[in-house]
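*Asks:* Give me a 3D structure for the following:
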Amino acid sequence: MTTAVTVATLEIRDLHAEVEGKEILKGIDLVVHQGETHALMGPNGSGKSTLANVLMGRPGYTVTAGEGRFKGEDVLGLTADERARRGLFLAMQYPVEVPGVSVVNFLRTAYQSVKGGDVSALAFRKHMKEKMSLLGVEDSMVNRYLNQGFSGGEKKRNEILQLAVLEPEIAILDETDSGLDIDSLKQVATGVQQLIGPNLGVLLITHYQRILNYITPDFVHVMMGGRIVKSGGKELAMELEEKGYEGIRSELGLEKGAGEE
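*Replies:* As a prediction, this is how the structure comes out:
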């Protein structure tokens, strides 16, 4: 008798949200299964990062309608740390500095919080070193204070190390390619690609097609004016590269939304 394998699923249904009384998300429908890679693309101001922040419970974002369910549970009423313990992860567009807290101590605290229970320093160090070896991260980085004095590329590589160490079921990567030069982009994207597999679902939020030269998505979605206006396979990213957002907007007969670039 075979045992059915439960696949973690993030389901977003008719999601509306506002910031300071202004509606940003205007009815998002999206389903991400564990083991799938989805790229969410769109011009600046289209609401991509707002979606990421709403899904992870950042203060200041108000859900006015719809739902966000993870493994069947409505998670929009949970705190950010409760969502993380359920198996969700967010790599931020602008990682914050935490002076006085080393990367290794931060990672161990986060790991214990997400996984529950006490983890010995030796067991955690072994787990972390395996992930560091996989991603090519050196000891010198994890012994520094979290993001303090880090370059843009180092901050993003540290986010990917967190992703590897915490082993979530669904990861939301908010413009991981933002501000990276070509070499740093390749390092970070290659790290993400190494982690992609049947146990990890990824929602990759990006403005540019370039990161998809290293990460092959199963699905691509185009977001404009707070809505997903077009979805397809990886070929849709190439169509965007060829036509630009203006071309897609014209093709669909859409007007530019307020704040979009």
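*Asks:* for this structure, which spans come out with low pLDDT?
*Replies:* 1-5, 93-94, 258-261 (pLDDT under 70).
*Asks:* can you give me the strands in it?
*Replies:* When assigned using DSSP state E, the strands of the chain occupy the ranges 9-19, 22-33, 37-41, 61-70, 73-74, 88-91, 98-102, 145-146, 170-174, 201-206, 219-224, 227-232.
*Asks:* ok, and what's touching the fourth one?
*Replies:* It stands for strand 61-70. When contacts are defined by Cβ atoms under 8 Å, 6 or more residues apart in numbering, strand 61-70 is touched by residues 8-19, 23, 27-28, 50, 53-55, 74-76, 83, 86-88, 170. All C-beta spots, glycine's among them, are computed from the backbone N, C-alpha and C.
*Asks:* How about the third one?
*Replies:* Counting contacts by Cβ under 8 Å, 6+ apart, the residues outside strand 37-41 that touch it are 30, 32, 48, 51, 196, 201-207, 209, 212, 215-223, 228, 237, 240.
*Asks:* and what of the second one?
*Replies:* Taking contacts as Cβ under 8 Å, 6+ apart, the residues outside strand 22-33 that touch it are 7-18, 38, 40, 47, 50-51, 54, 64-66, 170, 201-203, 221, 223, 225-228.
*Asks:* cutoff 6 Å now
*Replies:* Judged by Cβ atoms under 6 Å, 6 or more residues apart in numbering, the contacts made with strand 22-33 from elsewhere in the structure are 7, 9-17, 38, 47, 50, 201, 203, 226-227.
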